[in-house]
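[1] Structure for the following, please:
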Amino acid sequence: MCFLVSRRELPGDAKHLTGLKLITDSAGGMSTTYSGLYLGEKVFVKRLKSLGDEHQRKQFRYEIDTLSLISSHNVVELLTHFTAPEPTLIFDWCDGGDLSVCWKSRGGVESVPWSERLVALKQIADGMIAIHSCITGMTQARTWGERLISHSNLLLM
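    Residues are numbered from 1 along each chain as shown. A predicted model of the protein is given here:
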């Protein structure tokens, strides 16, 4: 299990991104997510709908800076990013999909044994500890970190 961070130096260039397949396009959300290939490697792509104002540009930069600080096997690695033609974050791929889809495919959370639920909860908690250790004391960071908690951001390895 992992969240939606880079130790690898990859070029931040949209020309290396191919084969995009839509995962989600939340109408009210600020981003669209895709699977794709980056330099031939399967990746998770988060493309922001716009960086229209100064606040959105600061949030994008803050997300990049924060994710780059986090080192945890419970947090997905940010591989690279770019701002043109659209603001885009490229993450390592998690084969298991997200928690919501996984548990629904098994007949709902009620069908998942408690032993598996507890393992998932422990991994979620460990990921949140890693995130909060980088953002403690910063109001903007806490808001960003709290937005990470949703079933669609809990990815399975």
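[2] Next one: S115 from K122, what distance?
    Distance from S115 to K122, counting by C-beta to C-beta, to the nearest Å: 11 Å. Where you see a C-beta, it was placed from the backbone N, CA and C, and this is true even at glycine.
[3] Just want to know which of the two has more residues nearby.
    Remark: of S115 and K122, K122 carries more neighbours, 12 against 7, as counted by other C-beta atoms under 10 Å.
[4] Could you point out which residue ranges in the protein have low pLDDT?
    Along the chain, the model assigns pLDDT under 70 to residues 1-13, 25-29, 135-157.
[5] Longest helix of it, counting residues only.
    Identified as the longest helix of the chain according to DSSP state H is helix 114-135.
[6] tell me what that one is packed against?
    strand 2-3, helix 54-69, helix 139-147 (3 or more C-beta pairs under 8 Å, 6 or more residues apart in numbering; DSSP states H and E).
[7] residues of that helix that come out buried?
    120, 123-124, 126-128, 130-131, 134-135 (16 or more other C-beta atoms under 10 Å).
[8] burial count for G19?
    For G19, using other C-beta under 10 Å, the count is 12.
[9] no, scratch that, I was asking about T33
    21.
[10] Would you verify that it is located in a helix?
    No: residue state for T33 (DSSP: H, G, I helix; E, B strand; the rest coil) corresponds to strand; a helix is not indicated.
[11] tell me the contacts of it?
    When contacts are counted by C-beta atoms under 8 Å, 6 or more residues apart in numbering, T33 touches 22-25, 44-47.
[12] just these now: which is nearest G36?
    G36 lies nearest to V45 out of the contacts of T33, by C-beta to C-beta, at 5.1 Å.
[13] Correct me if wrong: the closest one contacts S31.
    No: the pair V45 / S31 is not scored as a contact, 9.6 Å apart, by C-beta atoms under 8 Å.
[14] With neighbour numbers in mind, choose between these two.
    V45 (22 against 17).
[15] which residues does the more buried one bridge with?
    On the basis of DSSP bridges, V45 is bridged to Y34, I90.
[16] Roughly how far does it sit from L22?
    10 Å.
[17] Mutual contacts of those two, please.
    33-34.
[18] For G108, give its distance to R117.
    Relative to R117, G108 is positioned 12 Å away (criterion: C-beta to C-beta).
[19] before we move on, what about D65?
    For D65, the distance to R117 equals 33 Å [C-beta to C-beta].
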